[in-house]
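Visitor: Take a look and give me a structure for this.
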Amino acid sequence: MSSNEYHLSYECFLEHPLYQQICLPNRFIKDLNQAHKRLAILRVLTHWLPFLFNWDRASVVLAHYEGYLNLVSAFGSEAITNEIPLPIDFTLVGRVYKTKKLIICKHLSLSKEQDCRMLAQAGLVTCMDAPIIYQKQCFGTLNVARFSGDFSKEEAIQLFFIADLLGRALQLCKD
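Guide: This is a model prediction of the structure:
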């Protein structure tokens, strides 16, 4: 782990004292529980993420085919489009997907990973990516980025929790 990154494993997330203190709007949880199709789940995220974080970009990438992730939803800055699959190798989202660890990249301009360079070129400064996990299987990642400011450990726990809820919702969806 470089000094430019903060890592949080799923096991540490579950044991972190802040895990017990996560507070999300009841309506968000209800809306997510009522969404039974992938598109509906992504619409719930599109609606609620601006209220849950101070961010400039958010995205969801899901496993596409061997070696690639597909950006299925993005909000805010269009630094990375959903037109091309993202390779698992050479990207931060791919590393989060493989390791199943939340990673905060504090300075995107210092990273050599392809997606971090694309975000930095669009003026974003920092990003945080969390694995979307259900029963130890990773389906993709939930990602947020900012033009300025750092992500806190409290925000890391909150993003990991939302990614965990997303994993459960996606596992149960009917499409």
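
Visitor: beta partners for the residue positioned nearest the centre of the chain?
Guide: Among the residues of the chain, the one closest to the centroid is Leu142, at 1.7 Å (Cα atoms, centre = their mean). Beta-bridge partners for Leu142, by DSSP bridges, are Val60, Ala130.

Visitor: Buried residues of the longest helix anywhere in the chain, list them for me.
Guide: Counting residues, the longest helix in the chain under DSSP state H turns out to be helix 153-172. The neighbour-count check on helix 153-172 (16 or more other Cβ atoms under 10 Å) flags 155-167, 169-170 as buried. (Each C-beta comes from the backbone N, C-alpha and C, glycine too.)

Visitor: Repeat that for stretch 146-155.
Guide: In stretch 146-155, counting by 16+ other Cβ under 10 Å, buried: 146, 151, 155.

Visitor: what's the lowest-mean-pLDDT helix or strand in the chain in contact with?
Guide: Across the helices and strands of the chain, mean pLDDT, DSSP states H and E gives its lowest value to helix 10-15, namely a mean of 79. Contact with helix 10-15 is made by 19, 100-102, 131, 133, 157, 160-161, 164, as judged by Cβ atoms under 8 Å, 6 or more residues apart in numbering.

Visitor: now for the following helix or strand past it, which elements pack on it?
Guide: Remark: after helix 10-15, the chain's next helix or strand is helix 26-34, criterion DSSP states H and E. When contacts are defined as 3 or more Cβ pairs under 8 Å, 6 or more residues apart in numbering; DSSP states H and E, helix 26-34 sits against helix 38-52, helix 153-172.

Visitor: Redo those helices as JSON lines? Include distance to Glu11 and mean pLDDT.
Guide: What follows is the helices and strands packed on helix 26-34, written out as JSON lines (distance: least, Cβ to Cβ, whole Å; pLDDT from 0 to 100):
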{"stretch": "helix 38-52", "distance to Glu11": "24", "mean pLDDT": "86"}
{"stretch": "helix 153-172", "distance to Glu11": "11", "mean pLDDT": "90"}
